[in-house]
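Student: coordinates only, no sequence provided:
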Ligand SMILES: Nc1ncnc2c1ncn2[C@@H]1O[C@H](COP(=O)(O)OP(=O)(O)O)[C@@H](O)[C@H]1O
Ligand SMILES: O=C(CO)[C@@H](O)[C@H](O)COP(=O)(O)O
């Protein structure tokens, strides 16, 4: 029997899953790590934490499964997108990674737009300059930490840093490279024009592959540390959302999924690089060679519930029970609409649809009758309203679907899935497998190593639907009205957010 390994280097944890060639799970392991917020709106992580979590979880799945390392034919890497990892000429990490939800680079975004021109930037990178993307983070380090920039010999994305540690290769692939804002999205290669205009040396960047391509093999050094075999190939893999698309079978036009991880995403597959002229959603290369995707991103989706768990619902504790399960139980007892409490999930500013690094979270309508349970349900509803904003932009672009797959940590919640189904007014489905991105990149590893013929046929054969939520009409009507008020709140508060940022 052949085996395939998928690693997902997420924001909250690294999740590693060993599959057999029928994509049945043999063993899983995960390890959490911290998110550092040195200032309001800043977000950093330590790449060494990602490395340690990757190493430990690989060791754990090998020990649990007792699978012979040589039988693992391929490894796929998935990871949080956009994070900047800088290495010096000795391959040492220069500074903590500035990650996807960091908002410090508004000035650098203006600089990028000025150098390249707003229209040309969208023509090449399919997106306007955004604080979340890697290019503005590179410029921020150059502008604010010239001593660190001078030392920089290699620029890598989070999962590609782990690839470097595993194989010694400086490599990336089109889906994750799309989020750097240095890639020519229609042509699927680095843009010399952008690099020249921003004065970024191409030598700093990794080689770009398609997602199923083999990028290298496990090095002697990493084989010794992890117990893996040097015969095991590592394929390109994908950014976490493109990986989740493969893992949920979103590989053809007309299919879409939503995920609630630390961020929240609504993602639709496209055969062409379809662009929102207002830049509210991202157009990136997807992990199916020759195809693209469009996605809207809400920055603090699962992060909002985690913030609530750590700061408000601190007493939701019971022996051997996950606090999130207790929070779900409490929220399920609160009626639809949370007794007129509305939450805006802008803890880290917002991308879709506002592209506003200054906005922040709000509980609106707080009353003396409200309890922590109301606040938990309002958070779930607020995140779902924000995901509905993402879906509305896709609809404006002509993308409609009859059903949506759900995944990510928040997708495990039947209540959250029902709320999404009521707001999207379509069926929301889960899969029998919960592994989303890890499954997606393990499938890519199967394609790259010749176990599967191609990505689309492998997904058609391997992805199986689990449970289905159908919209409840009364709740659908309520949320339609609620969404109008939710949208009005941002419009009314926009100037106040700016005043708050400048206080
Ligand atoms: N049972 C649950 N119910 C609702 N939300 C959950 C549950 N378990 C986890 N979550 C949410 O999922 C998030 C983590 O999702 P995950 O996909 O693992 O994130 P990441 O890929 O960013 O590491 C947590 O922040 C939490 O908000
Ligand atoms: O910034 C984006 C996509 O553009 C995020 O989706 C990150 O890729 C982080 O993902 P999670 O850790 O929430 O899965």
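Tutor: The structure has been received and is ready for your questions. Everything numeric here is computed off the predicted structure, so don't read it as measured data. Numbering: from 1, shown residues only. Ligands and ions are numbered 1, 2, ... in the order given.
Student: from memory residue 106 sits against residue 131, does it?
Tutor: Yes - at 5.9 Å, residue 106 and residue 131 qualify as touching, with contact defined as CB atoms under 8 Å. Glycine gets a C-beta too; all of them are placed from N, C-alpha and C.
Student: what do these two both touch?
Tutor: Common neighbours of residue 106 and residue 131, using CB atoms under 8 Å, 6 or more residues apart in numbering, are residue 357.
Student: neighbour count winner among the two?
Tutor: For residue 106 versus residue 131, neighbours defined as other CB atoms under 10 Å are more numerous around residue 131 (26 against 19).
Student: please name the residues that touch the more buried one.
Tutor: Applying CB under 8 Å, 6+ apart to residue 131 gives the contacts 102, 103, 104, 105, 106, 109, 349, 357.
Student: over to residue 168?
Tutor: Neighbouring residues of residue 168 by CB under 8 Å, 6+ apart: 216, 219, 221.
Student: for residue 295, same thing?
Tutor: 241, 265, 266, 267, 268, 281, 282, 284, 390.
Student: surely the first one touches residue 259?
Tutor: Yes - shown here, residue 241 and residue 259 form a contact pair, counting by CB under 8 Å, at 6.8 Å.
Student: who has more neighbours out of these two?
Tutor: residue 241 (33 against 29).
Student: need the pLDDT of the more buried one.
Tutor: If you check residue 241, the pLDDT there is 96.
Student: how about it, what does it touch?
Tutor: With contact taken as CB under 8 Å, 6+ apart, residue 241 is in contact with 81, 259, 265, 267, 293, 295, 437.
Student: tell me, how many residues neighbour the closest residue to residue 171 other than its chain neighbours?
Tutor: Closest residue to residue 171 apart from its sequence neighbours, by CB to CB, 6 or more residues apart in numbering: residue 215 at 3.9 Å. Around residue 215 there are 24 other residues, counting by other CB under 10 Å.
Student: show me the contacts for residue 215.
Tutor: Residue 215 is in contact with 163, 167, 169, 171, 173, 207, 209, 234, 235, 236, counting by CB under 8 Å, 6+ apart.
Student: and residue 275, its phi and psi?
Tutor: Dihedral angles of residue 275 (phi, psi; degrees, to the nearest 10) stand at phi -120, psi 130.
Student: residue 281 is in contact with that one, correct?
Tutor: No - contact criterion CB under 8 Å: residue 275 and residue 281 do not qualify, at 9.0 Å.
Student: next, count neighbours for residue 162.
Tutor: Per other CB under 10 Å, the neighbour tally for residue 162 reads 26.
Student: picking up where we left off before, okay, and which of the contacts of residue 215 map to helices?
Tutor: Members of those lying in helices (criterion: DSSP state H): 163, 167.
Student: you'd agree residue 253 is up against residue 286?
Tutor: No - assessed by CB under 8 Å, residue 253 is found out of contact with residue 286, at 11.3 Å.
Student: what about those two, which has more around it?
Tutor: residue 286 (31 against 14).
Student: pLDDT score for the closest residue to residue 289 other than its chain neighbours?
Tutor: Counting by CB to CB, 6+ apart, residue 289 lies nearest to residue 210, which is 4.6 Å off, once chain neighbours are set aside. Note for residue 210: predicted pLDDT of 98.
Student: before we move on, the earlier item: name the residues contacting each of residue 253 and residue 286.
Tutor: residue 269.
Student: what's the span of stretch 184-201, first residue to last?
Tutor: Taking CA to CA, to the nearest Å, stretch 184-201 runs 16 Å from one end to the other.
Student: near ligand 2, which residues of the stretch 201-350 of the chain show up?
Tutor: Within the stretch 201-350 of the chain, the positions near ligand 2 by CB under 6 Å from any ligand atom are 239, 240, 241, 261, 262, 263, 265, 282, 297.
Student: name the nearest of these relative to residue 46.
Tutor: Closest approach between these and residue 46, by CB to CB: residue 262, at 16.0 Å.
Student: and the closest one, how many residues sit next to it?
Tutor: By other CB under 10 Å, 27 other residues sit near residue 262.
Student: fine, thanks again, bye for now.
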